[in-house]
Structures are given as C-alpha cells and as structure tokens.
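Asks: With the sequence up front, the predicted model follows.
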Amino acid sequence: MSDEHPRAVTPTRAPEDAAAEQSLRPASFEGFVGQPRVVRNLQTWIKAAQTGGRSLDHVLFTGPPGLGKTTLATLVSGELGAELTMTSGPVIERVHDLAGMLTKLKRGDVLFIDEIHRLRTHIEEYLYSAMEDFRIDVAIDEGAYARSVSLSLERFTLIGATTRAGLLSKPFRDRFGIQERLRAYEERELAQIVRRSARVLGCELDDDAALLIAARARGTPRVANRFLARLRDVALAEGAPSVSREVAARGLEMLGVDAHGLDDMDRRILEVLAQSPGTPVGLKTLAVATSEEDSTIEDVYEPYLIVRGYVRKTARGRVLGPRGYELLGIDPPAESGASPTKQGSLFA
Ligand code: ADP
C-alpha cells in the first residue's frame with residue numbers, strides 16, 4: 001500500500017489541524033487498521049455496485065469522534081474512483097447552498113456530510129427527494145414571480161457521518177441503504193496505527209512506547225495520533241533520538257493523561273459525580289459544573305467512561321460506576337447496587 005494522500009477533495013470543513021490529520025489518513029483500505037467487518041462489508045457493496053454499473057447506495061457511518069468515519073468516506077470514494085465533496089451539517093445554512101452542491105455532482109460522485117445529525121430540519125427534508133429520486137426543486141425568481149422547477153440530479157452517493165444516529169429522524173435514517181457503526185479500537189490496533197503514523201511523520205517510535213500510547217488512547221485513533229505528535233515534540237525538544245517508553249510516559253504526564261488513560265476533564269467529571277454518590281446528575285448540570293459543552297461530554301468523554309465502568313448512565317442522570325468508586329477510593333452507597341470490582345488493570 002502507498003502512503004500518498006487520497007485524491008483531492010473539496011474541503012468545506014476546515015479544523016485547525018485538518019492538514020495534519022489529512023497527512024495521516026491511510027490512502028487505501030489496506031492501510032486502514034481494524035474495523036474488519038465494516039471494511040469487508042464496504043468492499044462487498046462497492047464491488048457489487050461497480051459490477052452492476054450502479055452508484056453505491058447512500059452510506060451512514062455512526063460512532064464517537066476520531067474513529068475513522070471521514071477516513072472511510074475518503075477511502076470509499078477513492079475506491080469508487082469518484083470525486084468527493086466534503087461538507088458538514090452545521091455549515092449548510094440554506095437550501096440554496098445544498099442545491100448548489102448537489103447540482104455540481106457528476107454521476108457516481110460522493111457527497112460527504114459530517115455531523116449529519118446537525119443538519120437543519122428543512123435541509124434534511126430537502127435531501128429526501130435528492131436521495132430517493134435524485135430530483136430537487138429549485139426556486140427561480142422571487143416575490144410575486146416566485147416558482148420552482150424540478151431538476152434531475154446525477155445518481156450520486158451521500159455518505160453521512162454522525163456521532164448520534166439516534167438524533168436522525170427515522171425517515172432520514174431509512175434512506176441510507178448502508179449503515180455501519182464503528183467501534184472503539186483494540187490496543188494492538190492502535191499500536192499499529194501509531195507505528196504507521198510515526199513512519200509518515202518521520203519519527204522514531206520505540207515499540208513499548210507505541211504500546212503505552214495505545215493503552216491510553218481511549219480506543220480512538222485520533223487521540224493516539226495526537227499523543228504521538230506531542231510526544232514527538234517532547235523527544236525533539238529534549239534531543240532524544242526516539243520516542244522511548246520513558247519519553248512517552250513523561251510526555252503523557254505532561255498532557256495530564258494518567259495511567260488509566262483519563263485526562264483532566266475525565267477526572268473533573270468523576271469528581272462532580274463523587275460529590276453526591278448515588279444521586280444521578282443530569283447532563284446539563286454536569287456541563288455547567290465542568291464548564292464543558294454538554295455535547296462534548298456526551299460525544300467525547302462519556303462513551304469511554306461508560307464503557308470502562310467509571311460512569312453509569314441511568315434514566316435520571318449519570319452516577320459513578322464501579323470502577324469510578326474504586327478509582328476515587330469511595331464506597332458506593334448500598335442502594336446503588338454498584339460494588340467496586342477488582343477487574344485487574346485494563347490499562348497496565
Ligand atoms: P472521524 O471522522 O470518525 O472523526 P477521522 O476519520 O477524521 O475520524 O480519523 C481521525 C484520525 O485518525 C485521522 O488522522 C485518521 O487517519 C486516523 N484514523 C482513524 N481511523 C483509522 C484507522 N482505522 N487506521 C488508521 N488511521 C485511522
């Protein structure tokens with residue numbers, strides 16, 4: 001496999017670190033580590049579409065941030081030999097903007113909408129006929145002369161990415177023929193990802209340092225790559241020949257990441273929940289108490305804390321989970337049903 005960048009895209013999403021992220025994106029499915037079922041499925045649907053001379057059905061990727069949804073969209077489009085237009089839910093403000101994008105698509109092209117759950121309702125509804133019948137209504141003239149004409153579109157593939165499939169209306173979700181959920185990565189997969197990223201960045205990374213990064217990266221390639229970039233800087237600043245385990249351990253400490261892979265915000269969340277053990281805390285309260293956006297808590301922090309048993313979600317709010325009590329050295333209230341368990345260290 002080659003490490004060149006995927007083919008050019010039309011970027012409308014421009015985070016600060018987009019260039020760095022782009023440079024680390026694998027250019028082919030061979031370079032994409034993990035998610036074997038998802039990759040196998042996609043390759044099958046792509047092959048079937050190509051064999052049948054059809055455009056690929058619309059695709060919805062679901063999963064927490066940084067797990068590879070955008071990367072997969074670029075890989076699917078590359079495999080199809082299609083041109084990829086990238087945008088995101090919140091930036092499409094007017095039907096007019098969307099219509100402009102849709103009418104530019106050529107047969108088989110891919111339109112990628114990140115954070116698709118944040119599309120405005122009228123934009124989402126406007127997409128229905130585009131997705132299903134490849135037609136849209138376009139307004140012409142204004143005021144008393146206003147009328148609309150129905151335009152036919154080339155058969156394109158919409159790829160949506162969302163951290164919250166539950167926020168998509170059912171009619172919208174149902175229009176995606178292919179739906180894939182990405183899961184957190186295993187440590188050995190993350191170690192493989194950072195080893196490859198180190199090669200792309202031209203940085204020496206010792207094997208046991210790669211394992212340490214992998215163990216603390218919350219199952220997320222983006223987090224692992226971010227750690228690697230900072231640890232490379234630590235090595236450079238210290239004149240160390242490589243990112244060794246020792247450099248990595250010190251660098252992670254500088255980043256506030258503890259031996260369990262928890263950072264300052266994770267610990268703040270746990271401390272807030274520990275103030276009233278057993279009493280559920282609502283998301284909004286948690287957001288105010290930690291000065292963090294509720295959507296960031298829900299999308300970025302909580303999934304890991306819940307999966308690892310630090311936090312438990314109840315119908316009335318969040319409470320500490322067994323590992324949360326254990327970590328903070330507090331006894332769970334008897335009625336909570338949570339008992340500290342000795343699971344050994346998942347993070348050793
Ligand atoms: P998402 O769109 O889900 O937020 P991205 O696709 O932007 O995530 O991935 C974030 C970063 O992690 C990118 O630099 C990407 O190259 C890397 N990455 C994600 N998944 C993988 C993977 N399976 N193999 C290699 N690198 C990955």
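Replies: Arrived safely. Numbering: from 1, shown residues only.

Asks: Would you mind listing what in this structure touches the ligand?
Replies: With CB under 6 Å from any ligand atom as the criterion, the chain meets the ligand at residues 21, 24-26, 32-35, 65-71, 161, 193, 221-222, 225. C-beta here means a position set from N, CA and C on the backbone, and glycine is covered the same way.

Asks: give me that answer again for 8 Å
Replies: Residues of the chain lying near the ligand by CB under 8 Å from any ligand atom: 20-26, 31-35, 61, 63-74, 114, 161, 182, 185, 189, 193, 196-197, 220-222, 224-225.

Asks: The protein: strands as residue ranges?
Replies: Here the chain has its strands, by DSSP state E, at 9-11, 59-62, 84-88, 110-114, 135-140, 147-152, 157-162, 178-181, 311-314, 317-320.

Asks: As a markdown table, these with mean pLDDT and mean neighbour count would be great.
Replies: Listed next are the strands of the chain as a markdown table, based on pLDDT from 0 to 100; neighbours: other CB atoms under 10 Å:
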| stretch | mean pLDDT | mean neighbour count |
| --- | --- | --- |
| strand 9-11 | 36 | 16 |
| strand 59-62 | 97 | 24 |
| strand 84-88 | 95 | 20 |
| strand 110-114 | 97 | 26 |
| strand 135-140 | 84 | 14 |
| strand 147-152 | 85 | 10 |
| strand 157-162 | 97 | 25 |
| strand 178-181 | 96 | 16 |
| strand 311-314 | 92 | 17 |
| strand 317-320 | 94 | 23 |
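
Asks: Figure out which of these is closest to residue 254.
Replies: strand 311-314 (25.6 Å; CB to CB).

Asks: Check the chain and tell me which residue is nearest its centre.
Replies: Centroid-nearest residue in the chain: residue 65, 2.4 Å away (criterion: CA atoms, centre = their mean).

Asks: what's near enough to touch that one?
Replies: Contact analysis of residue 65 by CB atoms under 8 Å, 6 or more residues apart in numbering lists 163, 220, 222, 299, 300.

Asks: how about those in CSV, adding neighbour count and pLDDT?
Replies: Shown next, in CSV, are the contacts of residue 65 (neighbours: other CB atoms under 10 Å; pLDDT from 0 to 100):
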residue, neighbour count, pLDDT
163, 24, 91
220, 23, 94
222, 20, 94
299, 16, 85
300, 20, 87
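
Asks: between the residues you listed, which is nearest the ligand?
Replies: residue 222 (3.8 Å; CB to the nearest ligand atom).

Asks: Now do the closest residue to residue 293 other than its chain neighbours against residue 58, distance only.
Replies: Closest residue in space to residue 293, ignoring its immediate chain neighbours: residue 287 at 6.4 Å, by CB to CB, 6 or more residues apart in numbering. Between residue 287 and residue 58 the distance is 33 Å, computed by CB to CB, to the nearest Å.

Asks: all helices of the stretch 151-300 of the chain, in order?
Replies: Ranges of helices within the stretch 151-300 of the chain are 170-174, 187-201, 207-216, 221-238, 245-254, 264-274, 283-290, 294-296, based on DSSP state H, counting those that start in this stretch.
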